[in-house]
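Q: Everything below, folded, please.
(2 chains)
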Amino acid sequence: MFTQVLVNGIVLGAFFSLMAVGLTLIFGVLRVVSFVHGVLFMLGAYTTWVLTKHGVPYLPAVLGAGLAVGMFGALLELAVFRRFRGMLVEGAVVAIALAILIQNLANQVIPLSPQSVSTPFEGSAHVGGVYVAWHRVFVVVVAVALIAGLALFIKRHRFGRAIRALQQNPHAAELQGIRPDLVGPLVFGMGAMLAGLAGGLIVPVQQLLPEIGEAPLLDSFVVVVLGGLGSVEGTLIAAMLIGIAQSATSTYWTAPAAVTVSFVIAIAVLVVRPQGLLGDE
Amino acid sequence: MSSVTAAPPKKVSPPARALPARATSAASVILPLLLLAALFAAPGMVGSYQTHLFVLCLLAVGLAVSYRPLLLANQVSLAHGALYAIGAYTFAILAVDHGVGFWLAVGAGGVVALAASILIGIPSLRTSDAYFFLITFAFSVVLISIIQNSQSLTGGFGGISGIPYPPGVKTEEDFFYLALVVVAVTVAVFMVLDRSRWGLELRGVGSSPQLAEAVGIGRKGTLLLAFGIGAFFAGILGGVYASFIGFIAPQSFNLWLSVSILTSVIVGGVRYIWGGVIGAAFISLVPGWMGLGGTWEAIFGACSVIVVMFVMRRGIVTEAVAFFRRRSAAVGAPVAPVSHVLEPSGGAEEAAAVRQPVTDDVVLDVRSIAKSFGGVHAVRDVSFQLRAGETLGLIGPNGSGKTTTFDLISGFRRPDSGEVLVNGAALPRSPHRVVRSGLARSFQATSVFAELTVFENVLLAVGGQTRRNPVRRLLMPVRRSRRERALAASILAELGLSASAGVVAEDLPYGHKKVLGIAVGLATEPDVLCLDEPATGMTEAEIDHLIAILEHVRAGRRIAIIVIEHRLAVIRTLCDRVVALRAGEVIAVGEAEPVLESKAVAEAFLGGAAND
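A: Model (predicted):
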């Protein structure tokens, strides 16, 4: 039983980390609180659904959804968030308004009834009394690969180093010839792509409804608060902790209380450590 | 609309406003009363459906006005709708299940919402502003989930029905008058708060939280007060709403509610209280008149925000006031021109001669403080003393730990080891308390509240040393505090800034801004004034003025000054002693001239070139 709870928690945590890493990266580099992450997730899920309905196999469909949402995110940065650079409050207000606008416009075109998408990874694995659906194993593998790839990119690639430089000291970075006007859409686009992929990855195991992005947005907010805004390592640890906490709450108590319990944990940690687990001051 | 501006300084300087202050204050009473009278006549003239909409509009106005103080301090909360829900549910549970009377139940709603805001505010207002958005957002969603799942208390998804009208209220029209009274009282309370010292403090925190701390305003306490007072009124309005609608369910309080409150204030503009009123009326009435509902109402609200943020960032009312100001200024009395010459009152030239003597009283005692950041020793074993009336220079190349030393002695950072005594007492834990022990500091970059006028800048810092009676702080208009105004005016006169009293600080010429930074520090009436690069970026002429001003300042009072400066002319002329730092350590201490001439200092500045 306990092992099962732990495994479910890790699966959940891997899923949370896709959204939360994007949020924390966008905040850390661009100082934007991306309230649009929920609708980006929703768009990823619906794009996947539309593509599979038109005969595209599931895997290319998810990939296409991730790329499309990523480009949309980059576009949002260029068209909107760029104007509010360095203005935390204004940026957040615009992000909230955009999220509401996109969600309500989407409601005009997407079906309001539940939809579903099937996965090539059917059935479940069972090892030593622990059951995990193969699709969830796939989600974990993809999440780990994506985040490892992202970490490598940020550490090694020229662009990745530019991102880190910009995060640490925007002025000095600009003096070194790093152009924030390129890094902005790149970072926002990567964060959006992760959200879009997460949306595409969830649809085979969850009913597709217009409000599908709301819960992941909330969960990733809680994760980011616990891990420390701007800290990728903190976010990953927090994603696992919140995943396990929610899994344990659902199993030993009741599923609707899971989010509440994780919120209370995050708040309790903040009382002791105001900057979150690994956040900077 | 010019009726609601913060009072321009009256006696001190000719107000740079078109309307005289007395007319302004009369208009600010008469206009709302006229509006109120018109609203009293309203139900007779419109149908019952319109009356219903008007009640909802009134509640929206109350919500916007009670939400505005947080936004004034540059904080976005997404919990205001949730706090409203807490008030509504508390009222409904007490009134329906326990038969509690109307006013008692409404008041209880306010108190429970207040308690919730404190619970959420304490952890979330501690660090970066971004946490406050995230946590208030999460709180709103989690609260709805709790309401949905507490079947026995809240009726779960089904909600609570049969919520009674208050006794004596029979029709929606009667209720309109009740709501009108409640909302009018709410608006009146927030008008008083807006003009109080606390209202000015909120603007200061919004403009520069760090400088606010440095002049004795605790950021967290000031914000918590805004969150709590707003929550109390949101809770009360929630009870009134529950009674009016008669049925409440979780979906009445979805996130869109909090967002629409935010939207109202953003669209109307946060600067004036009428921005919230007009914004709320716009957002709550216009979609209904246009026949928009549900999804399209949300789209309308979102588009309004986006358009406002792109086209007129300060909101409709603020931009309109600015527009009419400009017009009437062009037609009527000319706005006082910004003087480009600083004229300290009293002969600055004789000042040096009558300078107060340096005494033996140690006002600042720095005892081997150290601070490292991730293995780098920013400051190591730094000790020095400062006596009353003395001026000390702190010099050293970039990165030698000068500003870190300032941060340590002004409480913005805690030393890893060592201690700092101000007037013989250990340094308090938070920076705004350090001011009360008699030490003020300026900052290298932003040492003024950019959005406030010159006079407000100084007024905000006046009496940073004194603890204020909370009732006076919240309820007494700033303009009534004669002693504080007089002190602010005299400091402006002393530093030659009187002519610019009504100018917004960010519009000042650069040199004036730097001098205003010193005025802000002086206004806290410190025993020790720490100036971080006051002359940086100034022209030679401005530096001469600055030196004259500082000589004048210390001639008039028994003040000790520490100044960080790269311009050695400033150090040579002003400082009795100099402490030279290199790589976080003291390399020379003593009288100015010998230290400046010493080999160690020359090497530190020229990086070993002196050896050649």
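Q: drop to CA atoms for contacts and neighbour counts, all remaining ones
A: Will do.
Q: If residue A:127 is in a bridge, with which residues?
A: residue A:130 (DSSP bridges).
Q: Point to the helix or strand of chain A where mean pLDDT is at its lowest.
A: Least confident element among the helices and strands of chain A, by mean pLDDT, DSSP states H and E: helix A:170-175 (a mean of 76).
Q: Tell me the helices and strands packed up against it.
A: helix A:158-168 (3 or more Cα pairs under 8 Å, 6 or more residues apart in numbering or on different chains; DSSP states H and E).
Q: what's the closest non-adjacent residue to whichever residue of the stretch 1-150 of chain A sits closest to chain B?
A: Per Cα to the nearest Cα, residue A:97 is where the stretch 1-150 of chain A lies closest to chain B, at 4.6 Å. Closest residue in space to residue A:97, ignoring its immediate chain neighbours: residue B:302 at 4.6 Å, by Cα to Cα, 6 or more residues apart in numbering or on different chains.
Q: check contacts around the closest residue to chain A within the stretch 51-200 of chain B.
A: Closest approach between the stretch 51-200 of chain B and chain A, counting by Cα to the nearest Cα: residue B:123, at 5.1 Å. Shown in contact with residue B:123 (Cα atoms under 8 Å, 6 or more residues apart in numbering or on different chains): A:267, A:270-271, A:274.
Q: now it: how far from residue A:265?
A: Between residue B:123 and residue A:265 the computed distance is 12 Å (Cα to Cα, to the nearest Å).
Q: Check residue B:571 too.
A: Distance, residue B:571 to residue A:265, by Cα to Cα: 53 Å.
Q: who has more neighbours, those two?
A: residue B:571 (24 against 16; other Cα atoms under 10 Å in any protein chain shown).
Q: Locate the more buried one within the secondary structure: which element?
A: Element membership for residue B:571, per DSSP states H and E: helix B:568-574.
Q: And the contacts of the least confident helix or strand of chain A?
A: Residues contacting helix A:170-175 (Cα under 8 Å, 6+ apart): A:162, A:165-166, A:180.
Q: again with stretch B:171-191
A: B:36, B:40, B:43, B:48, B:51-52, B:54-55, B:58-59, B:61-62, B:65-66, B:169, B:233, B:237, B:240, B:244, B:273.
Q: and if we set it to 7 Å?
A: Here stretch B:171-191 makes contact (Cα atoms under 7 Å, 6 or more residues apart in numbering or on different chains) with B:43, B:51-52, B:55, B:58-59, B:62, B:65-66, B:169, B:273.
Q: quick one: which of these is most hemmed in?
A: residue B:65 (32 neighbours).
Q: Which residue, neighbours along the chain excluded, lies closest to it?
A: residue B:276 (5.4 Å).
Q: and the strand or helix carrying that neighbour, how far out from the chain's middle?
A: Applying DSSP H and E as the criterion places residue B:276 in helix B:273-289. Relative to the centre of its chain, helix B:273-289 is centred 25 Å away, using Cα atoms, centre = their mean, to the nearest Å.
Q: And whichever helix or strand comes after that helix, what's buried?
A: Later in the chain than helix B:273-289, the nearest helix or strand by DSSP H and E is helix B:294-311. For helix B:294-311, a neighbour-count test (16 or more other Cα atoms under 10 Å in any protein chain shown) marks B:296-306, B:308-309 as buried.
Q: Distance of the closest residue to residue B:484 other than its chain neighbours relative to residue B:409?
A: Once flanking residues are discounted, residue B:484 sits nearest to residue B:462: 6.2 Å by Cα to Cα, 6+ apart. As judged by Cα to Cα, residue B:462 and residue B:409 stand 21 Å apart.
Q: can you pull the pLDDT of the residue in the stretch 351-500 of chain B that chain A sits nearest to?
A: Residue nearest to chain A within the stretch 351-500 of chain B (Cα to the nearest Cα): residue B:413, separated by 11.5 Å. Listed pLDDT for residue B:413 reads 91.
Q: what sits against the nearest residue in space to residue B:449 that is not next to it in sequence?
A: Distances taken as Cα to Cα, 6+ apart put residue B:207 closest to residue B:449, at 5.5 Å, once the chain neighbours are dropped. When contacts are counted by Cα under 7 Å, 6+ apart, residue B:207 touches B:449-451.
Q: Output those residues as a markdown table; include the columns neighbour count, secondary structure and pLDDT.
A: Converted to a markdown table, the contacts of residue B:207 look like this (neighbours: other Cα atoms under 10 Å in any protein chain shown; DSSP: H, G, I helix; E, B strand; the rest coil; pLDDT from 0 to 100):
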| residue | neighbour count | secondary structure | pLDDT |
| --- | --- | --- | --- |
| B:449 | 28 | coil | 94 |
| B:450 | 18 | coil | 91 |
| B:451 | 18 | coil | 89 |
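Q: need the contact list for residue 88.
A: Just going to use chain A. Contacts of residue A:88 by Cα under 7 Å, 6+ apart are A:31-32.
Q: you looked at the wrong chain, it should be chain B
A: Under the criterion of Cα under 7 Å, 6+ apart, the neighbours of residue B:88 are B:109, B:235, B:238-239, B:241-242.
Q: Which among those count as buried?
A: Burial by neighbour count, 16+ other Cα under 10 Å: within these this picks out B:109, B:235, B:238-239, B:241-242.
Q: of those, list those near chain A.
A: With Cα under 7 Å from any Cα of the partner chain as the criterion, those include none near chain A.
Q: Only alpha carbons, please: show stretch A:261-277 as PDB.
A: C-alpha atoms of stretch A:261-277 as PDB (Å, rounded to 0.1, in the frame of the first residue of the first chain):
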ATOM      1  CA  VAL A 261      -3.600  19.600   2.200                       C
ATOM      2  CA  SER A 262      -0.800  20.500  -0.200                       C
ATOM      3  CA  PHE A 263      -1.700  24.200   0.100                       C
ATOM      4  CA  VAL A 264      -1.600  24.000   3.900                       C
ATOM      5  CA  ILE A 265       1.800  22.300   3.700                       C
ATOM      6  CA  ALA A 266       3.200  25.000   1.400                       C
ATOM      7  CA  ILE A 267       1.900  27.800   3.700                       C
ATOM      8  CA  ALA A 268       3.300  26.000   6.800                       C
ATOM      9  CA  VAL A 269       6.700  25.800   5.100                       C
ATOM     10  CA  LEU A 270       6.500  29.500   4.200                       C
ATOM     11  CA  VAL A 271       6.000  30.400   7.800                       C
ATOM     12  CA  VAL A 272       9.300  28.800   8.700                       C
ATOM     13  CA  ARG A 273      11.200  29.500   5.400                       C
ATOM     14  CA  PRO A 274       9.700  32.600   3.800                       C
ATOM     15  CA  GLN A 275      11.700  32.100   0.600                       C
ATOM     16  CA  GLY A 276      10.500  28.500   0.100                       C
ATOM     17  CA  LEU A 277      12.700  25.400   0.100                       C
END
